[in-house]
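Undergrad: this one's sequence-less:
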């Protein structure tokens, strides 16, 4: 599906903005410079990015997620264990970043109290993108715990990566492997607890409550009701 004019305009602004982010951050000065350099009408620019450079910083992050998804889909992961697939997706997300300074500036921006929710949403979105592209089919509370856990791994890796000056970023890749191993150990403990009859009996009530939690996709409205558009049927 071709990109909408709205998205094209935002990407044009983003490209123009990246030339200035290293000097002015994701700021109003950067946004004004991007509008000037792109030759875009200021009215159109503000309609595309109502919050100015904040919207461009969000677009920059999401563009990284999209590039990661495309790369993972194109890769042959058949010989990898699942933990290796997760590590591969995380590593790919960082390898595709062409502007480390833009990430640094974005990390600073979304650390501001009034933008912390936006930052958390972006991190969650990256974790969700990774699990989804790897074929996660969770429909219960695991949908949330997987993304919450990976969000923590991704967030800590960003901070580590920003300060990493090792050869070929090897220290960051080792850091990812250690964090994924920690996650796998946690999942192993969970599995052992669930297989223990005494603990299973003790946790019967909480486990029942947890089983009632459904993934967001489980709440999506049906698409086969009369009068509902189901997209291109050709």
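TA: Perfect, thanks for sending it. Since this is a predicted model, take the numbers as computed values, not measurements.
Undergrad: What score does the most centrally placed residue in the chain have for pLDDT?
TA: Closest to where the C-alpha atoms of the chain average out (CA atoms, centre = their mean) is residue 126, at 1.0 Å. Looking at residue 126, its pLDDT reads 98.
Undergrad: Point out where this structure drops to low pLDDT.
TA: Counting by pLDDT under 70, the chain contains low-confidence residues at 1-4, 186-215, 217-234.
Undergrad: Show me it divided up by domain.
TA: For the chain, the structural domains run 1-50, 62-217, going by automatic domain parsing.
Undergrad: Reformat the ones you listed as TSV; add distance to residue 56.
TA: The C-beta positions use only the backbone N, C-alpha and C, and glycine is treated the same way. Below are the domains of the chain laid out as TSV (distance: least, CB to CB, whole Å):
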stretch	distance to residue 56
domain 1-50	5
domain 62-217	10
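Undergrad: I figured the residue nearest to the centre of the chain hits residue 154, correct?
TA: Yes. If you go by CB atoms under 8 Å, residue 126 and residue 154 touch, sitting 5.5 Å apart.
Undergrad: what's the overlap in contacts for these two?
TA: residue 93 (CB atoms under 8 Å, 6 or more residues apart in numbering).
Undergrad: need the contact list for the residue nearest to the centre of the chain.
TA: 61, 64, 65, 68, 93, 151, 154.
Undergrad: Can you report how many residues neighbour the last one?
TA: In this case it means residue 154. 22 (other CB atoms under 10 Å).
Undergrad: Run through the residues that contact it.
TA: 90, 93, 123, 126, 127, 130.
Undergrad: between these, which has the most around it?
TA: Within the contacts of residue 154, most neighbours by other CB under 10 Å means residue 130, with 27 neighbours.
Undergrad: wait, what's in contact with that residue?
TA: Residue 130 touches 68, 72, 86, 89, 90, 93, 150, 154, counting by CB under 8 Å, 6+ apart.
Undergrad: quick check, nearest of these to residue 5?
TA: Of all the contacts of residue 130, residue 5 sits closest to residue 68, with 25.3 Å by CB to CB.
Undergrad: Name the nearest residue to the closest one, ignoring sequence neighbours.
TA: Among residues not flanking residue 68 along the chain, residue 93 sits closest, at 4.4 Å (CB to CB, 6 or more residues apart in numbering).
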